[in-house]
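Novice: Sequence and predicted structure below; questions after.
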Amino acid sequence: MLFRPLQVLFLFFLVLFMVQVNAQTIRGKVIDSRTKEPLQFTNVFINNTTIGTTTDEDGSYTLSRPDLPGTFQLVASFVGYSTSSMEVSIGEGEKKIVDFALDPLASVLTEIELKSRRDKPWERNLKRFQDVFLALPDDPIAGKLELSNPWVLEFEKVKPDKGPNYIQASAQEPLILENDALGYKVTYYLQDYKFYNYKSTFYGLAFFENKTPKDSAQSAEYLLNKQTSYLGSIKHLMRSILLQQVPEQGFNLYETFPEQMNRRRTNTYTIELGESIVPISQDSIRRIPLRNGNFRIIWPKRVEVHFLKKNYRNDYYLDIYHPVGWVEAPLGYFDIDRNGVPIHPTQVVLSGYIGRPRMGRSLPHDYFPPETFENLAAEVDLIKGLINKWENLRESPYLMTNKPYYYPGETVWFGGKMLYKNQFYQDTLSRVLHVDLISEGSEMVLSNQYPIENGGFSGSISLPDSLPQGDYFIRAYTEWMRNYPERDFYLRAFPVLGKGLNIESQEVEQFDFLGDLEFQMKDSIYFESNQQVLEVELSMKDALDELVNAEMMISATNPELVSDMKGQSNFIEAYEWMNQEEKNPLSVIPKFDIEYGISISGNFEKDKKRQPDINPITIVRGDLADYGVVKTDSTGFFRATGLYFFEMDTLSFAALDERGKAYGSIHLKEKTSPLVRGSFPKLRYSIYQVNDRQMYYDSYEDYILLEEFVAEDEKIESLADRFYGYGEPDQVYSREDLDNWPGNTLDQIIGMRFGNGAMGNYNYGLEEGEPLIILDGARYAYNEDETAKDVLQNILTDEVLSMAVYTLNANSFGLAGFAGVIMIETKRGERFSATSDKKFNDTGFQKFPIRGFAEVNSFLNEPSLNRSVVPKPSLYWNPNFKLEGTSSSFKIYVPNGVSKIKIRIEGVTEEGIPFWKTFPINLN
């Protein structure tokens, strides 16, 4: 017993000796490359770890540990000198000498320009950098990350001789990241950052230092966030592969295949399994030991990674609820160390969930997780997730008019774009815009509805001749927007003057894009059939001097008749809505539904108790111009949406029994407009009297094309060639296309292109029913319980001349085409008799007059044949102008006596940058 302390002491020194024997040791010296003097207090560390030291007064350092990685980057950094790094490979118990000679940086005094012109572009570039460097916006740790010295960053535009221009960032001092979520202070030596084509890449060297928690609660928070960040990460996956524990650790791996020409990939996991993704067993992944102690992993080109030990919102698959990501190896392999860390990060391309982590989620390479995980911290804030659920479904319109003010009896032309908080939901959200004209006394002057197509809209309003002078405003909204605060409604000041009056012109300051966008306009004047024509060629470049594509609205006015007005809303201001977040998430079922067309709702009332609680309501427009069947709920309520017609029409309603006999009664619900509350926009202006003979007004009659003519040699198209007047389909299969699938049935073709035959509009919260089938121009009438697949299984490709499929462009088919349309032209069209001569038997139906979309008066940009352009305020209007390629042009036909033209453009670039600009043109 007396010798026990000596035994313990002996064992301690024995273990210490064994650790020292097996320890890997790196020694070296750091000097000034010019003077050869030693550099004291130089930081020497292993990249992306907490392992580091500093040099002594002789410039010497020593790193000795038994757990050094087999291959790593050793970094030396000293203030005022360029940072240097070397790749080092070291074996167990090995000793190495690594010396550094650091180059002093040139002393550069940077003059800080205290001007907004310098500040705004720098702040915009800083925001881009932080978004890609720190954390994703929906990560709950984002608020606990701070870049404490962002001012060390400098941004510059680079124009290489070859390749695209880009924004580059540099920092002569290391960036300091205070991570109060994971408990690290990270010193980051930025080596490269590029922003080009609206994508960002960065690379640097990082040294992690553990922060001391202020209490046990913060210590537990650090531990929890570290564990959560590790689970499902690339390091976790690679360690699982090395240890042959892929399924045990919660990973499922699938090899992915490129999309096939005759099949479109779906968002349904159960459909894609065995088609575009095939499971990979861990035994099929080769691990080749390398001499330096690392491993080479032979990898399929692209692998889909599912991590099953986390619940996670999934933006890709509709039927699974765990993280999904992708790992690509462009070389077919990558090297990792024994801890699962990729040696050369450029060998691995990450996307999806596994590519989410930024520096805020990065763990040092020497972090080792515990054996078990008792809890997991949330990776998406639940409250943020609730807000995001409704934020994703928010929409708001922006509307531009052809001029800033009007007179009674004039026609107002307008166009605009819908703004979506999440562009992914554009096809899911509203297709009807409500536009109200309201007086300053909050009285409704008129209210119309217009179709929204591909996120845009356009229309016209005919002002009454008796409209009093005053300050009116336009209100634009969708029915779905009524679930959100009214500040999402678009309001536009709308002055109406008495005839013989005009507004004193005001100076409107142009928006300074600070180099983000550059506009180039060339104009030329010539005569065409004795008519003066101004041709305008427009192009745009971005901050990188690259050509930009854009969609915009263009108006051209005569400045002698139309004055400039300050304070009018513009697209840039409207776009600020995209950055506004609703802080009070909705927690109730929305009261107002999404409208996919003209919508009606009502109640069915039974006339006999034994009649069912849920009843099918047949709806017919006109003389079978459109039809559909909707079901009531158990209270008798029903709703139908998707009707597409203009002005007034008659809708017939009935509940029909098995014999086609009507029963019960229908009561339609009256639609109401939102109350007018709060303040409204109002412009300041001064008016003056004008000789009425010197005034001209925008009358619709001046824009009517008097006669149409058809070129005699033009080919006459058949109804089938013109898709029976229904417009362009989303997908067309010609006879040549169908020859690629001889003997196949049409349901197989639809299945290949649309994934299991699912081709509808995926409308939010609605059952779509079966798609409309049109055979040789006639609408097919389904039998009871018959589906589209049943019909298409009986038609072979050999029997078909062409097939057209409508999904997003199915609006013109109304209610019947709500779930999509399949239009088939067979070789024997007489096989299916047309039903155009059939008349609707309206016996027992209740009839209601329903108002559809407002008729739009087209703006005539070209004069009628053999007719000169009359003087008028508005000379050109195009709400759907597209700028593509190097430039796009348009023509303005100029009336006699006009010497000046004012052009205004408003729109958004392909990359989502809003803009507006005016161009004054002097024709003399």
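Specialist: Alright, I've got the coordinates.
Novice: Which pLDDT value does the model give the residue nearest to the spatial centre of the chain?
Specialist: With distances taken as CA atoms, centre = their mean, the residue of the chain nearest its centroid is residue 423 (3.6 Å). Residue-level confidence at residue 423 comes out at 78, pLDDT.
Novice: ok, now the one 4 residues further on?
Specialist: Listed pLDDT for residue 427 reads 81.
Novice: and the residue nearest to the centre of the chain, how far is that from residue 72?
Specialist: The gap separating residue 423 from residue 72 is 42 Å, by CB to CB, to the nearest Å. All C-beta atoms are positioned from the backbone trio N, CA, C, and that covers glycine.
Novice: Residue 695 too?
Specialist: 80 Å.
Novice: Looking at those two, which is more packed in?
Specialist: residue 72 (25 against 15; other CB atoms under 10 Å).
Novice: So the more buried one: helix, strand or coil?
Specialist: Of the three states, residue 72 takes strand according to DSSP: H, G, I helix; E, B strand; the rest coil.
Novice: Okay, helices next: where are they in the stretch 201-350 of the chain?
Specialist: Ranges of helices within the stretch 201-350 of the chain are 216-230, 234-242, 269-272, based on DSSP state H, counting those that start in this stretch.
Novice: Now render these as TSV, adding mean neighbour count.
Specialist: TSV is the format used below for the helices of the stretch 201-350 of the chain (neighbours: other CB atoms under 10 Å):
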stretch	mean neighbour count
helix 216-230	17
helix 234-242	20
helix 269-272	17
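Novice: which is the next helix or strand following the helix or strand bottoming out on mean pLDDT in the chain?
Specialist: For the chain, the helix or strand with the lowest mean confidence is helix 4-22, at a mean of 48 (criterion: mean pLDDT, DSSP states H and E). Note on helix 4-22: by DSSP states H and E, the next helix or strand toward the C-terminus is strand 24-32.
Novice: Identify the residues contacting that following strand?
Specialist: 37-39, 42, 44, 55, 58-66, 68, 74, 76, 78, 81, 88, 90-102, 104 (CB atoms under 8 Å, 6 or more residues apart in numbering).
Novice: go with 6 Å
Specialist: Around strand 24-32, the neighbours that count as contacts under CB atoms under 6 Å, 6 or more residues apart in numbering are 38-39, 42, 55, 59-60, 62-64, 68, 76, 90, 94-101.
Novice: Over to stretch 530-541?
Specialist: Outside of stretch 530-541, the residues within contact range by CB under 6 Å, 6+ apart are 518-526, 548, 887-894.
Novice: picking that back up, sort out for me which of the contacts of strand 24-32 are in strands.
Specialist: Among those, DSSP state E puts 60, 62, 63, 64, 76, 95, 96, 97, 100, 101 in strands.
Novice: Buried ones among those?
Specialist: By the neighbour-count criterion of 16 or more other CB atoms under 10 Å, the ones in strands among the contacts of strand 24-32 include these buried positions: 60, 63, 76, 96, 100.
Novice: From those residues, pick the one nearest residue 687.
Specialist: Proximity of these to residue 687, judged by CB to CB, is greatest for residue 76, which lies at 74.1 Å.
Novice: distance of that closest one from residue 37?
Specialist: Using CB to CB, which is the criterion applied here, residue 76 is 15 Å from residue 37.
Novice: cool, residue 323 as well?
Specialist: 52 Å.
Novice: again, but for residue 449
Specialist: In this view, residue 449 and residue 37 are 80 Å apart by CB to CB.
Novice: more crowded one of those two?
Specialist: Using other CB under 10 Å as the criterion, residue 449 and residue 37 rank with residue 449 on top: 21 against 9.
Novice: these two touch, right, the more buried one and residue 432?
Specialist: Yes: taking CB atoms under 6 Å as the contact criterion, residue 449 and residue 432 are neighbours in contact, 5.5 Å apart.
Novice: What segments of the stretch 551-700 of the chain are helices?
Specialist: Along the stretch 551-700 of the chain, the stretches classed as helices by DSSP H, counting those that start in this stretch are 571-575.
Novice: Point out where it drops to low pLDDT.
Specialist: The model of the stretch 551-700 of the chain has pLDDT under 70 over residues 581-589, 692-693, 700.
Novice: Once you drop chain neighbours, what's closest to residue 189?
Specialist: With CB to CB, 6 or more residues apart in numbering as the criterion, residue 189 has its nearest non-adjacent residue at 4.3 Å, and that residue is residue 205.
Novice: OK, contacts around the one you found?
Specialist: If a contact means CB under 6 Å, 6+ apart, then residue 205 has 47, 75, 85, 189 as its contacts.
Novice: Closest one of those residues to residue 473?
Specialist: Taking CB to CB as the measure, residue 189 is the one of the contacts of residue 205 closest to residue 473, at 55.5 Å.
Novice: Give the rounded mean pLDDT of the host helix or strand of the closest one.
Specialist: Assigning secondary structure by DSSP H and E places residue 189 in strand 184-196. Model confidence over strand 184-196, given as mean pLDDT, is 92.
Novice: Look up the residues forming beta bridges with residue 533.
Specialist: On the basis of DSSP bridges, residue 533 is bridged to residue 526, residue 893.
Novice: Would you check how far apart it and residue 876 are?
Specialist: When CB to CB is the yardstick, residue 533 and residue 876 sit 11 Å from each other.
Novice: Among these two, which residue is more densely surrounded?
Specialist: When neighbours are counted by other CB under 10 Å, residue 876 comes out ahead of the other of residue 533 and residue 876, with 21 against 16.
Novice: List the backbone torsions phi and psi for residue 735.
Specialist: Residue 735 has phi and psi values of phi -60, psi -40 when expressed as degrees, to the nearest 10.
Novice: quick one: contacts for residue 81?
Specialist: 102, 104.
Novice: Please read off the pLDDT at it from the model.
Specialist: According to the predicted model, the pLDDT of residue 81 comes to 93.
Novice: Ok, the one 5 residues further on next?
Specialist: Model confidence at residue 86, given as pLDDT, is 94.
Novice: ok, so what distance separates it from residue 103?
Specialist: Relative to residue 103, residue 86 is positioned 14 Å away (CB to CB).
Novice: Residue 739 too?
Specialist: For residue 739, the distance to residue 103 (CB to CB) stands at 68 Å.
Novice: what about the strands in the stretch 701-850 of the chain?
Specialist: Using DSSP state E, counting those that start in this stretch, the strands found in the stretch 701-850 of the chain span residues 731-733, 772-775, 778-779, 800-806, 821-826, 846-851.
Novice: Could you do the stretch 301-450 of the chain as well?
Specialist: Along the stretch 301-450 of the chain, the stretches classed as strands by DSSP E, counting those that start in this stretch are 302-307, 324-328, 333-336, 349-352, 395-401, 411-420, 432-438, 444-451.
Novice: elements contacting the fourth one?
Specialist: Read it as strand 349-352. Strand 349-352 is packed against strand 324-328, with contacts defined by 3 or more CB pairs under 6 Å, 6 or more residues apart in numbering; DSSP states H and E.
Novice: How far away from the center of its chain is the strand it packs on?
Specialist: Strand 324-328 has its C-alpha centroid displaced from the chain centroid by 21 Å (CA atoms, centre = their mean, to the nearest Å).
Novice: which other helices and strands contact that strand?
Specialist: Applying 3+ CB pairs under 6 Å, 6+ apart, we find strand 324-328 packed against strand 302-307, strand 349-352.
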